[in-house]
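make a model of this:
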Amino acid sequence: MSVTEFKATDSRIEDDPYYEERVDLAAAFRMAARHNFHEAVANHFSLAVSDDGSKFLMNPCGRHFSRVRASELLLLDANDPTTMDQPNAPDSTAWCIHGSLHRNAPQARCQLHAHTKYALALACLKDPSMPSIDQNTARFHGRIAYDDGFDGMGLGDEGERVGTLLGNKSVMLMGNHGVLMTGSHVGEAFDQLYYFEKACETVITAYATGRELNVLSDDVAQKTAQQWLDYPGLWSNHWEALKEILDEEEPDYRT
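So this is what the prediction gives:
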């Protein structure tokens, strides 16, 4: 499948078979901008739309998160070697990292890669592990893959290397780089990104006191992590509330 882009003025957009997926991903960009999770026109979010995960939606090159619309999202094929030769090609680092991840980790349907303030700070520490010191940090107990092999920007072999590291985890803390959050749905991935950044802020703030951390036992941390997983309506309620805000204040994200 070649790179595909629908124009915002195209009346066919609501007839697109992936329209609802486009709307959800566009909403994630808008809310990421509101939460200051963006970085100029860099960073990328993607969402698989095929059963095998190889065909996915992603933001176009150079578009600010706060302006992304459903119709502008690129439809890409991770197995198409001609993607970067086409006139509306995606950002090269985005293609290398997300293309590789969608090929190698098909279970990671939605992938949100960001350089958020506190997650990046944690990723830059010699020991970037997240201690379980409250319920938010404990949510990610045993769920983080740590990448300590940063070798430059996500181009060529670096993109392929990163694409094989997620394993069965839902979060990748990318050393000296940022964070990659995944989920089966855009709302699930965004909810995790939101809470992961809050967890990182707590850790960095606690470290800044210079005092010893009161780390939860593994048993309590695991119990808390499971309680997060079992909590009814956790991410879906959050996600619908965020989209309700956008529907009232920025409805053009749906176009």
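
what's near enough to touch the residue lying closest to Asn36 once chain neighbours are set aside?
The shortest distance from Asn36 to any residue other than its chain neighbours is 7.4 Å, reached at Lys117 (C-beta to C-beta, 6 or more residues apart in numbering). In this view, the C-beta of every residue, glycine as well, is placed from N, C-alpha and C. By C-beta atoms under 8 Å, 6 or more residues apart in numbering, the contact set of Lys117 is 36, 197, 201.

and the gap between Lys117 and Ile204?
Computed as C-beta to C-beta, to the nearest Å, the Lys117 to Ile204 distance reads 9 Å.

again, but for Gly210
Gly210 sits 12 Å away from Ile204, going by C-beta to C-beta.

ok, His102 next?
As it turns out, when the distance is counted by C-beta to C-beta, His102 lies 31 Å from Ile204.

those two: which is more packed in?
For His102 against Ile204, the residue with the higher neighbour count under other C-beta atoms under 10 Å is His102, and the figures read 27 against 15.

following whichever strand or helix holds the more buried one, which helix or strand shows up next?
With secondary structure defined by DSSP states H and E, His102 is part of helix 92-104. Sequence-wise, the next helix or strand downstream of helix 92-104 (DSSP H and E) is strand 110-114.

could you say what helices and strands that next one packs with?
helix 19-34, strand 44-48, helix 92-104, strand 178-183, helix 186-208 (3 or more C-beta pairs under 8 Å, 6 or more residues apart in numbering; DSSP states H and E).

mean pLDDT for these: which is lowest?
Summarising mean pLDDT across the helices and strands packed on strand 110-114, the least confident stretch is helix 92-104, with a mean of 92.

can you spell out which helices and strands pack onto the lowest-mean-pLDDT helix or strand in the chain?
Of all the helices and strands that make up the chain, the one with the lowest confidence by mean pLDDT, DSSP states H and E is helix 157-162; it has a mean of 79. For helix 157-162, the helices and strands in contact under the criterion 3+ C-beta pairs under 8 Å, 6+ apart are helix 92-104.

how about the helix it packs on as CSV, C-alpha atoms only?
Presented in CSV, the C-alpha positions along helix 92-104 are these (Å, rounded to 0.1, in the frame of the first residue of the first chain):
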residue,chain,number,x,y,z
SER,A,92,12.4,9.7,8.2
THR,A,93,12.9,9.0,11.9
ALA,A,94,9.2,8.3,12.4
TRP,A,95,9.2,5.9,9.5
CYS,A,96,12.2,4.0,10.9
ILE,A,97,11.0,3.7,14.4
HIS,A,98,7.3,3.2,13.9
GLY,A,99,7.6,1.1,10.8
SER,A,100,10.0,-1.2,12.6
LEU,A,101,7.8,-1.4,15.7
HIS,A,102,4.6,-2.2,13.7
ARG,A,103,6.5,-4.9,11.9
ASN,A,104,8.1,-6.4,15.0
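
residues in contact with that helix?
Counting contacts by C-beta under 8 Å, 6+ apart, the residues outside helix 92-104 that touch it are 44, 46, 48, 53-54, 56, 58-59, 61, 76, 78-79, 83-84, 89, 108, 111, 113, 153-156, 158-160, 162-164, 166, 180.

one more time with 7 Å, if that's ok
Outside of helix 92-104, the residues within contact range by C-beta atoms under 7 Å, 6 or more residues apart in numbering are 44, 46, 48, 53-54, 56, 58, 78-79, 83-84, 108, 111, 113, 153-156, 158-160, 162-164, 166.

how close does Trp239 sit to Phe196?
For Trp239, the distance to Phe196 (C-beta to C-beta) stands at 15 Å.
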